[in-house]
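Asks: sequence below, structure please.
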Amino acid sequence: MAGTKKVAVIGFGNIGSGVVELLYQKGVAGLELARVVDIDLKKKRAVDLPASYLTTDWRQVVNDPEIDIVVELIGGIEPARSILLAAMQNGKDVVTANKRLLAQAGHRVFQLASTLNRRVGFRASFVGCHSLIHEFRQAGTAAKKFRRIYAVLNGTSNYILSTMTREAKGFEEALREAQAKGYAEADPSDDIDGIDTANKIRILLGLISNSYQAVAPFPVEGIRAITLQDIQYATELGYAVKLVGVIEPEEGVFNVAVHPSLVPQVSLLGSLQGAYNGIELEDEYGIVSGLVAPGAGTYPTADAVIKDLLDIAEGRALPMPGSAQELTLGSTEAVERRYYLRFSVVDQAGVLARITDIFWKYHISLAAVIQKEAVSREFVPLVMTTHLAKEGNLQAAIEKVDKLDVVKAKTKIIRILKADT
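Replies: Numbers count the residues shown, from 1 in each chain. Model (predicted):
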């Protein structure tokens, strides 16, 4: 190993405090904490530092020739982007936990890193499954191709859905419990609306494709509309409901989406409980592997930062996208999936025949049908699962079905994902 690397940490919040504790109090061979930057230096923290370590000016750090590595832990787009760019322009390697920045402006960060031959560590943006990044480094993106990647990447959503499943609680009650236990923010929108998962999927797509180019928008759907009723029906059918990020390379394009999905209960993703994250990968040879880890927390995130710092200190290459290749996303309408459908229909003869007649015209065949007792005087739930059908055909058929006079509410659609057991 080369000489000891001097590290500056910008952001002294929960994650920053964890990183500082590991570097300053416990010590990490080959790494020396040199400076810590935060806008509020009077706030009480779990770790005390001498005043000589502290500053409120990040420019002092990125311009200091004694600093070798800058760790950005403040979040948001600015000034985080400016910090990373300035640090690299001044000859420093960087480490970040900022998934929003990498997802929305990562092309500029990785482009500059490639130009200047700097390293960017970002395991901590992927806390729950950062071992996947290690796997990419070991195999190399050119050496390992994937048929599909299905990922549960948001601990808040997984906690809510697994609580609804395990304790038969409604969405709002499960969300309040998640907030009370610190798994969900006061405003949980990024988590439950799929935005956080989509940011991580964008980062993962860049790794898989080796391209830092920004990708076009892809479908993102959260879990607000998932009901206890849907979870119970899915359970009867042998499935668990999860918020899943999907990447499926196919003939030069990538099918990418984030949406609630039914996965087999006995699969890796289906078995995830609480705030755990997991990724299931199928490679070009049909071999399926998986990773599971806690999805968040001060020490898991701090540990991911330290792993990147050690890789840099010990001269190991870090995986990151290095080309400007344009990425093409596949047509959503052409994707073939199985579907779970819940209709709210009038309790009378002939309803099923009218729905299946429409499905026949759009080349949609049924795998299972479950009709339940009436939940109100106005309608009864009718649950169906389909065989493989094109998304465009399914959406067109449902548009027709929802206009039938016997259908009393918008049909609930949840995709069913292949998952090896």
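
Asks: specify the beta-bridge partners of residue 291.
Replies: residue 279 (DSSP bridges).

Asks: doesn't residue 278 make contact with it?
Replies: Yes: judged on CB atoms under 8 Å, residue 291 makes contact with residue 278 at a distance of 6.4 Å. (Glycine included, C-beta is placed from N, CA and C.)

Asks: ok, those two, which is more surrounded?
Replies: residue 278 (24 against 18; other CB atoms under 10 Å).

Asks: mind giving me the domain ranges of the protein?
Replies: 5-121, 136-295, 336-416 (automatic domain parsing).

Asks: okay, these in TSV with distance to residue 313 next?
Replies: Formatted as TSV, the domains of the chain follow (distance: least, CB to CB, whole Å):
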stretch	distance to residue 313
domain 5-121	4
domain 136-295	15
domain 336-416	44
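
Asks: so which of those domains is nearest residue 317?
Replies: Closest of those to residue 317 is domain 136-295, at 6.7 Å (criterion: CB to CB).

Asks: now do stretch 179-190: everything it contacts.
Replies: 155-156, 159-160, 175, 178, 191-192, 195-196, 275, 296 (CB atoms under 8 Å, 6 or more residues apart in numbering).

Asks: can I have the buried ones of these as a ChimeraX selection?
Replies: Provided next is the ChimeraX selection string for whichever of the contacts of stretch 179-190 are buried by 16 or more other CB atoms under 10 Å:
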select :155,156,159,160,175,178,191,192,195,196,275,296
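
Asks: quick one: pLDDT of the closest residue to residue 125 other than its chain neighbours?
Replies: Residue nearest to residue 125 in three dimensions, not counting chain neighbours: residue 99, with 3.9 Å by CB to CB, 6 or more residues apart in numbering. pLDDT for residue 99: 92.

Asks: contacting residues around the helix or strand harbouring residue 397?
Replies: Applying DSSP states H and E as the criterion places residue 397 in helix 391-401. With contact meaning CB under 8 Å, 6+ apart, helix 391-401 is reached by 331-337, 339, 341, 343, 355, 358-359, 361-364, 386, 407, 411, 413.

Asks: stretch 367-375 too?
Replies: In contact with stretch 367-375 (CB under 8 Å, 6+ apart) are residues 229, 233, 236-237, 338, 347, 352, 380-387.

Asks: just to revisit the earlier point, among the contacts of helix 391-401, name the ones in strands.
Replies: Among these, DSSP state E puts 336-337, 339, 341, 343, 386, 413 in strands.

Asks: what's the pLDDT at residue 44?
Replies: Reported pLDDT for residue 44: 86.

Asks: the strands in the stretch 51-200 of the chain, which residues?
Replies: 54-55, 69-72, 93-96, 120-121, 146-152 (DSSP state E, counting those that start in this stretch).

Asks: of those strands, which is nearest residue 213?
Replies: So among the strands of the stretch 51-200 of the chain, strand 120-121 is nearest, using CB to CB, at 15.8 Å.

Asks: quick one: buried residues of the longest helix belonging to the chain?
Replies: As assigned by DSSP state H, the longest helix anywhere in the chain is helix 99-116. The neighbour-count check on helix 99-116 (16+ other CB under 10 Å) flags 99-103, 105-107, 109-114 as buried.

Asks: tabulate these (TSV), appending distance to residue 39.
Replies: Shown next, in TSV, are those (distance: CB to CB, whole Å):
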residue	distance to residue 39
99	21
100	19
101	18
102	22
103	24
105	21
106	24
107	28
109	22
110	27
111	29
112	25
113	26
114	31
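
Asks: greatest separation within those residues: which pair is it?
Replies: Within the buried residues of helix 99-116, two members stand farthest from each other by CB to CB: 100 and 114, at 21.3 Å.
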